[in-house]
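In: Give me the fold of what follows.
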Amino acid sequence: MLQNFFVAPKTLKRLRSGPWGSHVDSFAAELERQGYSHSTSIRYLRAAAHLGRFAELRDIALKAVDRTTLELYRLHLPSCRCPESNGGKVNSHVFYGAKLFLKHLREIGICESDDDEARVAEHPLVESFRHWLRQHRGVTAHTAHQYGRAAANILLDLGNDPSQYHARSIRSFFLQRARERGKSSAMRLATALRVFLRYLAVQGKCQVGLDQAVPTLAGWRLARLPRGLRASEVSRILAACDGDTVIRKRDRAIVLLLARLGLRAGEVAALRFSDIDWKDGSLLVSGKARREDRLPLPQEVGDALLEYLECRPAVDTDRVFLSAAAPIRPFRRGDAVSSVVKRAMRRAGVTAPSPGAHTLRHTAATEMLRQGVPLYEIGSLLRHRSIETTAYYYAKVDVALLEQVAQPWPEVLR
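Out: Residues are numbered from 1 along each chain as shown. Prediction:
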């Protein structure tokens, strides 16, 4: 496989020499399979050989290479004079290539993972917790993964025996982790920990009521107005997605799904070919708690999807949207969709307090409200479980109308 990237016999011999050489060929095949460009693959293959030589000179066995070795390699790069670097410019791509090579060695069973959190994540208790979340709570795979990470973290810090947990240790663990996070992330961690501790209590593996030891963080999610964009700003974002490239057509289809149908980022990422009914002109959306709803597919959105699908890379997956850069693969989470929106907003010069996919969901709702669409129809499109949810968020959006009915605050007589 290396001969697809290098021609000189001397170079091929050097890359295949040493204890690492036999795995560089398989690494080259993996890079090609994942769709990396020719020039990028060459850069990463040289980095792989460089990492091998670096470890060999320091008497680090092949199976013993870990994150520490990789960190030493990173520190070595600025002053590197190794022949394996080919005298090229040392930058982040070199380190990333070595990191990818180590990941490949782990995947084929040559090197063991040294990530404690990853090992704990395979703990039977964490696996059973994830299974319970999927089967009995109906959460998505992404939510089960996030809650499982919280469970793995507490097992890693407090030990594998939940019967020894007590309120003080739970509280200390949460406060320590919360200091390393933002407010919203800490609130999600608190929710995950409470669910995990309740699960352990039901299973008889820890004291009942430990979930109450997780501190409550103040937060008023309905205290602010939904932050949508103006119609002119959405038009500018769509104009920033115009073009004949696959990426631009993909981005335009994503923005229209969010801005016209109010989909969530995760719902766009999970969209499959079988969810699109071209004859009926509808879209099957799998939302929260595995709830499925069929929405009408507007002509503008359908045309954008068709334009993208006509030039979409031929990847063996039924997911609609794929990453643009190698490795070319389906979007795994809604974060990738939000990243697409953020880049489009930057190109359009549109700013928002919270740029991302959810801003376009709020935009779809607020625009319908301005056009006089009743709240229950907006709730139907957004697939809220209750009309109260829609009212809580959007009844306060029409500030002009609220100003007409607002009364002066009564003066307080001294």
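
In: quick one: the closest residue in space to K249 that isn't next to it in sequence from L284, how far?
Out: Among residues not flanking K249 along the chain, Y308 sits closest, at 4.3 Å (C-beta to C-beta, 6 or more residues apart in numbering). The C-beta positions use only the backbone N, C-alpha and C, and glycine is treated the same way. Going from Y308 to L284 by C-beta to C-beta, to the nearest Å gives 18 Å.

In: residues touching the spatially closest residue to E267 that is not a sequence neighbour, list them.
Out: Excluding its sequence neighbours, the residue lying closest to E267 (C-beta to C-beta, 6+ apart) is V285, at 5.3 Å. Neighbour list for V285: 261, 263, 267, 271, 275, 292-295, 383 [criterion: C-beta atoms under 8 Å, 6 or more residues apart in numbering].

In: swap the cut-off to 10 Å and go again
Out: By C-beta atoms under 10 Å, 6 or more residues apart in numbering, V285 lies in contact with 257, 261, 263-264, 267-268, 270-271, 275, 291-295, 383.

In: which one among these gets closest to M187?
Out: Checking these against M187 with C-beta to C-beta, the nearest one is R264 at 18.6 Å.

In: Correct me if wrong: that closest one contacts V337.
Out: Yes - the pair R264 / V337 is scored as a contact, 8.8 Å apart, by C-beta atoms under 10 Å.

In: Compare the two (neighbour count), which wins?
Out: More crowded of R264 and V337, by other C-beta atoms under 10 Å: V337, with 27 against 19.

In: how close does the nearest residue to that one once chain neighbours are set aside sit to Y165?
Out: Excluding its sequence neighbours, the residue lying closest to V337 (C-beta to C-beta, 6+ apart) is A265, at 4.1 Å. Distance, A265 to Y165, by C-beta to C-beta: 35 Å.

In: Mind checking which of these two has more residues around it?
Out: Shown here are A265 and Y165; by other C-beta under 10 Å, A265 has more neighbours (24 against 20).

In: Tell me which residues touch the residue nearest to the spatial centre of the chain, please.
Out: In the chain, the C-alpha nearest the mean C-alpha coordinate belongs to D335, at 3.7 Å (C-alpha atoms, centre = their mean). Residues in contact with D335 (C-beta under 10 Å, 6+ apart) are 142, 265-266, 269, 356-357.

In: same thing but 8 Å
Out: Here D335 is in contact with A265 (criterion: C-beta under 8 Å, 6+ apart).

In: same check, this time on Y376
Out: Per C-beta under 8 Å, 6+ apart, neighbours of Y376: 387, 390.
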